[in-house]
Structure formats: C-alpha cells, structure tokens
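Participant: Would you be able to build a 3D model of this:
(chains A and B)
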Amino acid sequence: MLDTADVVVIGAGARGSAVAYYLAREGVDVALVDRGFVAVGTTGATVALINVSGKPPAEYTALSLASARLYPGLAEELGVDLQFESGRSLFRVILDPADLPAARDYAARQSRVPGVEVRVLDAHETRQFAPELSPEIAGALYCPQDGHLNPFQLAWGFVMTARRLGARFHHHSHVVGIRTTQSRVTSVVTTAGEISTRTVVNAAGVEVPSLGEMVGLSIPVVASRGQVVTTEALPRLFPGPIDSMRQTRAGPVLIGTTDEFVGYDTGVTPQALRQNVRRAMRIIPRLRMARAIRCWAGLRPWPIDGLPIMGGVTGLEGYMTATGHSGITLSAITGRLTADAIMGRAAGALEPFGLSRFSEGRFHFPVESFKEFRRRYGGAARVPAYASTGDAVAAVPTRHHRL
Amino acid sequence: MAERSRSVIVCRCENVTIGEIADVLEVGARTFDEIKRVTRAGMGICQGRTCECVVTDLLVEDGRVAPEEIVSRSVRPPVRPITLEVLAASEPDAPRLPDEA
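Facilitator: Next comes the predicted model:
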C-alpha cells in the first residue's frame, strides 16, 4: 500500500491542485496524484486568462465571477508570485464597425448577471486603453472582472501549500485503476502502488474520460486543441489581455488561440498560426517585428455542453469529477466547492454542473450563442457534430487509457 | 545539492539559479520540461539550448534520474526566432509542421 488518504485527487493541474489545497486547508487528509508533475497537462499549455465575460449562460458566468473574486487573496495565501491582474482586459477587439450592434447586445445580456459589467468601448476609449492599439479598431468588449495570472505559479502554489498543510504529492504515479466495493470507491491503483481511500476526485483534464471508464462512467469530455505563438520578451505593449493575447510579466506575448477538435494531436499548423498572428498584427501593428520563439499547442478538456463537470454521481459513492474548459478561471471556485461538497456543505452549488445532467437528459447546449460570437469575432470554434444532439453521451469517443 | 553556490545562474535567458532548480528537484521534478514550467529555465529566447545540459546534469546528480531515462526538452518550431511578419507571410500551402508527442 502506497498511502492511505481520506481523499485522493487525480491531476496536479490548476483544478486538481486547487481541490487538494482547499481540502488540506480544512484539515482533510489528502493525497494528490499525477502521472507526471505539477502542471504537465492543460495547465502547462494555456494562455491563462481569467475570463468572466465570455461565459454564457448565467450560472456559468456567476461561477466564473465567484472564482475570479478569489484570486486577489490567493497570492498571499499561497505565498507565490501569482501575477494576478484584473480590470484591464479587452475581452474582444472589434475590427468591423458592423459588428458593434451585436457586441452591444452581447454586453447587455452578459451584464444581467449581478456583479458582472460588460460594455462596449468605442474606438477612442479602446485606444486610450493601450496606445499601441491600431487606429483601425472599431471598438472592444471590456469587462473589469476579466484578468489574467501566471498558471504555473498558481498550480505550484496550490501544490506546495497543500503539502505544507500535510497533503502528500505522489508525482509520476499513473493511475491504472479505481477499485470499488458495493458501489463505493475503496482505493486508487497507481503505477507507484495502491492508495486506500473512500473518496476520489477525477481532475485529470483531457484524461477525465479514461478515468471515468475505470468505474464504468462515460464522461462526455473531448479534447480541444489550442495553438499559441510565444514571442520573445518585449517591452510592455498593452496592460491586460486583449482578445486571446496576453503579455506575461516576463515579457513574452502569447498569441492565441484555436478551438479545434482533432483528438489528442498537439501538433501546430501553419494555417492556424498565420491566421492568429495576422489578427494580432492588425490589432497591435508593432508586433510585426517581434520575433516568435515558440509555436505550440495544448489540449483543453471540453465537456460537450461547454459547462464544467463537478461534484458526485448517483450510484457511486465517493466519486467526484472536477473538470471543464477554462480551468484557470475556474480552478479556485472548483477547489472550494469540491472541498465543501466533500465536507458535506453546500453541495447544491454544484447541482447545475453535476455529471448526472447527461444521463438524465437534462443537459442543453448553451454554448451556441458563445460559438456564434466566436465565429463572428475570430477564433474559429469548431464543435463536433454529435455535440448538438440529445443522445450525444453514447456517441462521445473516449480514449482508451494506455497502461 | 553539492557544495555549490545556490546563486549560480543556470538559465541565462531567464536568470534561473541552481538553488531555484534544486528546490523543484526536491519536490520531485524529473524532466527538463517539469522544471521549466515552475522555474522558467528554458522559457527564454534560446528555448533551453544553453541550459539543457546543465539542468540535465542536475537531474542525474545523486542518481535522481538514470542517464538512460533522461527525457530531452520538448522542441517546437521555429528553429530560430523569426519575426511575426515572416511567420504570417509563410507559404499558404506549406505542409503541416511536425507533431510532437
């Protein structure tokens, strides 16, 4: 037996490490397991935006806002250089004035969620924001609740603080099985040994479906590829994220991104890179002479209805899921609510995001408006055809886990 | 860590010291990329060309990782830095860039 823990969290990315931290903070005996190390999956390949404005429907926006509000306090709690900043993000730059009315509608809709303020800046206001912005810009969507942070420091801070509070971090331990007895989780089997537990949290990112299969669950999550160009370190060109661009504290500009459903392929394609770079240069002309030092891609977990999957599942005691798109934005609230649910508090907050919505046919497809928006303003969102059908769950391809 | 100053710089692009890398090794990092994400060693303009051998040396030191189990750093295009202008103007029908595991 490798370990015995009250809770085993699988995945040391932003979400899993947040769950481990919030549990450890409550004095829960927790073991965090990863096939590699900290932030080796999606968290290691993200633009790392804190995005509240782009999250319809309302319950998803509210969840994102609740999470965004936790980051200002986290840098101190975790004792890391989180580099969190908000209030200076342009969620979407609008190049064609014909797109302004639709943007205003979108802003009005999103602003209905209490605490969220999305508005359309005109051309002048937008350029006030960052002098390097092109005069060609017609306006931009602005949301003071949006922001960005350093994703590596986030996950590292969660893991290190959880460790200090008594959590064990079993790195390089690949989960190969989850044992159950009479519909209850009893242990997690890893390549480093078995961990006896009564609660497991599946926060394995794009590997969530294969860990679901281990207990007979079909978890409808597909991998979405995001391609990104990283530039050399540059002088400060703009204050916060613009579109899917972000200038990190160290100086490089990250130019994202794509949403492509191409399985588990992390290759980059010249077509997508070119398209994103051209748009970036239209928005910030000075980027033309900046040098690209790395073109890369990462995979993000995308539940087929676009909403996070959190909480337990009926019929299997002690099995929790913590996954979804937008893991940097949602890591803190995911950690907190998952810990609350495990401690027997306020499980209702997770209700709209439960896995049972798929098996009970309660899920809808609220990302339509979001995708329409993406199509209009760039970032070609492609969603697999089966995702819009009611009986999607059975059709979702899950990947066979490699043992 | 041997009797070596923790303040010696290993990654010159990002000013990462032996001490910072040793701390991450202590937690259990076993590959260059695992160290990179936490410390930024290898994230700068040279993309690890300079520091990979030193970091690798630190990995095999004290038998932490067997030399035959060393995983080299992940390499991505471009081979040398190129301006975005050039990247954006590259051949429209150019073949797909090689995948990486």
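
Participant: Can you classify B:Arg49 as helix, strand or coil?
Facilitator: State at B:Arg49, reduced to three classes by DSSP: H, G, I helix; E, B strand; the rest coil: coil.

Participant: before we move on, what about A:Pro101?
Facilitator: For A:Pro101, the assignment made with three-state DSSP gives helix.

Participant: now the strands for chain B?
Facilitator: Using DSSP state E, the strands of chain B run over B:9-11, B:16-17, B:82-83.

Participant: out of those, nearest to chain A?
Facilitator: Closest of these to chain A is strand B:82-83, at 5.5 Å (criterion: C-beta to the nearest C-beta). For every residue, glycine as well, the C-beta is placed using N, CA and C.

Participant: who does that closest one pair up with?
Facilitator: Under the criterion DSSP bridges, strand B:82-83 sits next to strand A:291-303 (antiparallel) in its sheet.

Participant: circling back to that earlier point, possible to save the strands of chain B as a markdown table with mean pLDDT?
Facilitator: What follows is these, written out as a markdown table (pLDDT from 0 to 100):
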| stretch | mean pLDDT |
| --- | --- |
| strand B:9-11 | 97 |
| strand B:16-17 | 98 |
| strand B:82-83 | 96 |
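
Participant: Figure out which of these is closest to B:Gly48.
Facilitator: B:Gly48 lies closest to strand B:9-11 among these, at 7.8 Å (C-beta to C-beta).

Participant: Using PDB, write out every CA atom in stretch A:2-14.
Facilitator: Output in PDB follows, covering the C-alpha atoms of stretch A:2-14 (Å, rounded to 0.1, in the frame of the first residue of the first chain):
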ATOM      1  CA  LEU A   2       1.500   3.300  -1.100                       C
ATOM      2  CA  ASP A   3      -0.700   5.500   1.000                       C
ATOM      3  CA  THR A   4      -4.000   5.900   2.800                       C
ATOM      4  CA  ALA A   5      -5.900   9.100   2.500                       C
ATOM      5  CA  ASP A   6      -9.400  10.400   3.100                       C
ATOM      6  CA  VAL A   7      -9.400  11.900  -0.400                       C
ATOM      7  CA  VAL A   8      -7.300  11.100  -3.500                       C
ATOM      8  CA  VAL A   9      -7.200  13.900  -6.100                       C
ATOM      9  CA  ILE A  10      -6.100  12.800  -9.500                       C
ATOM     10  CA  GLY A  11      -4.300  15.500 -11.500                       C
ATOM     11  CA  ALA A  12      -1.900  18.200 -10.400                       C
ATOM     12  CA  GLY A  13      -3.100  20.800 -12.800                       C
ATOM     13  CA  ALA A  14      -4.800  24.000 -11.700                       C
END
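
Participant: and it with chain B, contact?
Facilitator: No: contact between stretch A:2-14 and chain B is absent, the nearest approach being 10.3 Å (criterion: C-beta under 8 Å from any C-beta of the partner chain).

Participant: how about the strands of chain B in TSV, adding mean neighbour count?
Facilitator: Formatted as TSV, the strands of chain B follow (neighbours: other C-beta atoms under 10 Å in any protein chain shown):
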stretch	mean neighbour count
strand B:9-11	22
strand B:16-17	20
strand B:82-83	16
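
Participant: can you point me to the longest helix in chain A?
Facilitator: Secondary structure of chain A per DSSP state H: the longest helix is helix A:327-342.

Participant: Could you list every helix and strand in contact with that one?
Facilitator: Counting by 3 or more C-beta pairs under 8 Å, 6 or more residues apart in numbering or on different chains; DSSP states H and E, the packing neighbours recorded for helix A:327-342 are helix A:14-25, strand A:49-50, helix A:58-68, helix A:151-164, strand A:199-202, strand A:309-313, strand A:316-323.

Participant: For A:Asp96, which non-adjacent residue is closest in space?
Facilitator: A:Ala138 (6.3 Å; C-beta to C-beta, 6 or more residues apart in numbering or on different chains).

Participant: re the thing from before, okay, the angle between the longest helix of chain A and helix A:151-164?
Facilitator: 30 degrees (axes from the mean of the first three to the mean of the last three C-alpha atoms, to 10 degrees).

Participant: What is the subsequent helix or strand relative to helix A:327-342?
Facilitator: Using DSSP states H and E, the helix or strand that follows helix A:327-342 in sequence is helix A:356-359.

Participant: which helices and strands does that next one pack with?
Facilitator: For helix A:356-359, the packing partners by 3+ C-beta pairs under 8 Å, 6+ apart come out as helix A:392-395.

Participant: now the helix it packs on: mean pLDDT?
Facilitator: Mean pLDDT, helix A:392-395: 31.

Participant: any low-confidence regions in chain B?
Facilitator: For chain B, the stretches with pLDDT under 70 are B:1-4, B:91-101.

Participant: Do you have the helices of it handy? List them.
Facilitator: Using DSSP H, the helices of chain B run over B:18-27, B:32-39, B:52-60, B:84-88.

Participant: and those helices, which is most packed in?
Facilitator: Stretch with highest mean neighbour count among those: helix B:32-39 (a mean of 24; mean count of other C-beta atoms under 10 Å in any protein chain shown).

Participant: For A:Ala58, which non-adjacent residue is closest in space?
Facilitator: Leaving aside its chain neighbours, A:Ala58 sits nearest to A:Val113 (5.1 Å; criterion: C-beta to C-beta, 6+ apart).

Participant: Spit out the contact partners of that neighbour.
Facilitator: Residues near A:Val113 by C-beta atoms under 8 Å, 6 or more residues apart in numbering or on different chains: A:58, A:61-62, A:65.

Participant: Next, count neighbours for B:Ala89.
Facilitator: By the criterion of other C-beta atoms under 10 Å in any protein chain shown, B:Ala89 has 12 neighbours.

Participant: For it, give its distance to chain A.
Facilitator: Here the criterion is C-beta to the nearest C-beta, to the nearest Å. By it, B:Ala89 lies 8 Å from chain A.

Participant: Looking at the stretch 1-150 of chain A, what residue ends up closest to chain B?
Facilitator: Closest point on the stretch 1-150 of chain A to chain B, by C-beta to the nearest C-beta, is A:Phe37, at 4.0 Å.

Participant: can I assume that residue is in contact with A:Ala12?
Facilitator: Yes: under the criterion of C-beta atoms under 8 Å, A:Phe37 is in contact with A:Ala12, at a separation of 6.9 Å.

Participant: So for those two, which residue has more residues nearby?
Facilitator: Neighbours per residue (other C-beta under 10 Å) separate A:Phe37 from A:Ala12, with A:Ala12 holding more: 30 against 25.

Participant: What is the burial count for A:Ala24?
Facilitator: 24.

Participant: Quick check: closest non-adjacent residue to A:Ala290.
Facilitator: Using C-beta to C-beta, 6+ apart and skipping the chain neighbours, the partner closest in space to A:Ala290 is A:Thr231 (4.5 Å).

Participant: what number of residues lie near the one you found?
Facilitator: 26.

Participant: So A:Met1 sits against A:Ile195, correct?
Facilitator: Yes: counting by C-beta under 8 Å, A:Met1 touches A:Ile195, with 7.5 Å between them.

Participant: Mind checking which of the two has more residues around it?
Facilitator: Neighbour count, other C-beta under 10 Å: between A:Met1 and A:Ile195, A:Ile195 has more, with 22 against 8.

Participant: What sits closest to residue 59 if chain neighbours are left out?
Facilitator: As the question left the chain open, I've gone with chain A. Counting by C-beta to C-beta, 6+ apart, the residue nearest A:Glu59 is A:Pro352, at 4.9 Å.

Participant: Sorry, I should have been clearer: chain B.
Facilitator: B:Val65 (4.7 Å).
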